[in-house]
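In: Predicted coordinates and the sequence they were generated for:
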Amino acid sequence: MVWLIARKEMTEQIRDGRFKLATLIVLLLSLASLIAGWQSYREFKAQHQLAEEAEWQRWLNQGEKSSHSAAHYGIFVFKPQMPLSIIDKGIDPYVGVTARLEVHTQNIFQFRPVEDSTSLRRFGEVTVASTAQILVPLMIVILTFNSFAGERQQGTLRQILSIGVKSRSLIIGKVIGSSLPLFIILIPLSMVCSVVILANTLTDSVSNNILKLLVMTLGYIVYFTIFIGMGLAVSAKSVSSRQALIVLLFFWFINCLMAPP
């Protein structure tokens, strides 16, 4: 019975024109941001290598002096560009990428990209991570807001329960049916992102990056699962689909757009 409910729910979601449009938008934005992130990663990595070589030559050519004077002369070090920044730049734009090492002095990281941008940057850049954190929850809202509320309005929910379908089976079926269309899209996209990241990873860092990818993937699965549970719970408690949609959109707006900045 659970799989019958899940199949029925998944079929309805896949046939929904809103879901198809949202899927197309998410895929196009994800692929475009993945390409842009990869190009940005390569450019920053090349710039870091040139800066490191120039700084090392400056250090070697400082001339003869005492060790203490050389320590005061200082040298700039650069934070390495990690392959995972192709997907998510993290806090690098806000904390800086280089620092000056000098004896008796503790210098903070400098040259933060956020210093050269407007205040709108705090809303984030278009990356694969921002797409997953903002647009995928919006897709989940589209998938779940009508699950229980729509059937209650049509009168089919009472009929389903009257023929002996257990509430537990109905809820599990709804969860599976709402999740499968989402993960059918996200799994291939995740595989493409993983291939791009591993292709730009040094051989001695493959295992470390695979572990980070797994942890990141687990985090997103938990994040999406919370949204699916929230969407189904609101739909079950709402008296109409419109009410469920308004509540979920308000929750999405606060959680995805207002809270991060």
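Out: Alright, I've got the coordinates. Here the structure is a predicted model, which is why all the values come from computation and not from measurement.
In: what about the residue nearest to residue 127 when sequence neighbours are not counted, helix or strand, and which?
Out: The shortest distance from residue 127 to any non-neighbouring residue, by C-beta to C-beta, 6 or more residues apart in numbering, is to residue 33 (5.1 Å). No exception for glycine: its C-beta is placed from N, CA and C like everyone else's. Per DSSP states H and E: residue 33 is located in helix 17-60.
In: can you give me the mean pLDDT across stretch 46-57?
Out: Stretch 46-57 shows a mean pLDDT of 86.
In: Also stretch 223-235?
Out: Mean predicted confidence for stretch 223-235 is 89.
In: Just the residues contacting it, thanks.
Out: With contact meaning C-beta atoms under 8 Å, 6 or more residues apart in numbering, stretch 223-235 is reached by 133, 136-137, 140-141, 143-150, 171, 174-175, 178-179, 182, 186, 241, 244, 247-248, 251.
In: Counting only strands, which of those residues make the cut?
Out: In strands, defined here by DSSP state E, there are no members of these.
In: PyMOL command for the buried members of the residues you listed?
Out: Buried members of the contacts of stretch 223-235, defined by 16 or more other C-beta atoms under 10 Å, are picked up in PyMOL with:
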select buried, resi 133+136+137+140+141+143+144+145+146+147+148+149+150+171+174+175+178+179+182+186+241+244+247+248+251
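In: what residues are up against residue 144?
Out: Contacts of residue 144 (C-beta under 8 Å, 6+ apart): 178, 228, 231, 232, 234, 235, 248.
In: What lies in contact with the lowest-mean-pLDDT helix or strand in the chain?
Out: When each helix and strand of the chain is scored by mean pLDDT, DSSP states H and E, helix 156-162 comes last, with a mean of 71. Identification of contacts with helix 156-162 by C-beta under 8 Å, 6+ apart yields 148, 151, 152, 167, 170.
In: and with 10 Å instead?
Out: Outside helix 156-162, the residues that touch it by C-beta atoms under 10 Å, 6 or more residues apart in numbering are 5, 147, 148, 149, 150, 151, 152, 165, 167, 169, 170, 236.
In: Residue 179 is in contact with the second one, correct?
Out: No: the pair residue 147 and residue 179 does not pass the contact test of C-beta atoms under 10 Å, sitting 11.5 Å apart.
In: can you list residues touching both of those two?
Out: 9, 228.
In: now the helices for the stretch 151-261 of the chain?
Out: 156-162, 167-199, 206-237, 241-252 (DSSP state H, counting those that start in this stretch).
In: Comparing those helices, which yields the minimum mean pLDDT?
Out: helix 156-162 - the lowest mean pLDDT of the helices of the stretch 151-261 of the chain, at a mean of 71.
In: who's in contact with the residue lying closest to residue 87 once chain neighbours are set aside?
Out: Closest residue in space to residue 87, ignoring its immediate chain neighbours: residue 128 at 4.5 Å, by C-beta to C-beta, 6+ apart. Contact analysis of residue 128 by C-beta under 10 Å, 6+ apart lists 29-34, 36-38, 86-88, 189-190, 192-193, 196.
In: Give me the buried subset of the residues you listed.
Out: For the contacts of residue 128, a burial check counting by 16+ other C-beta under 10 Å picks out 29-30, 33-34, 37-38, 86-88, 189-190, 193, 196.
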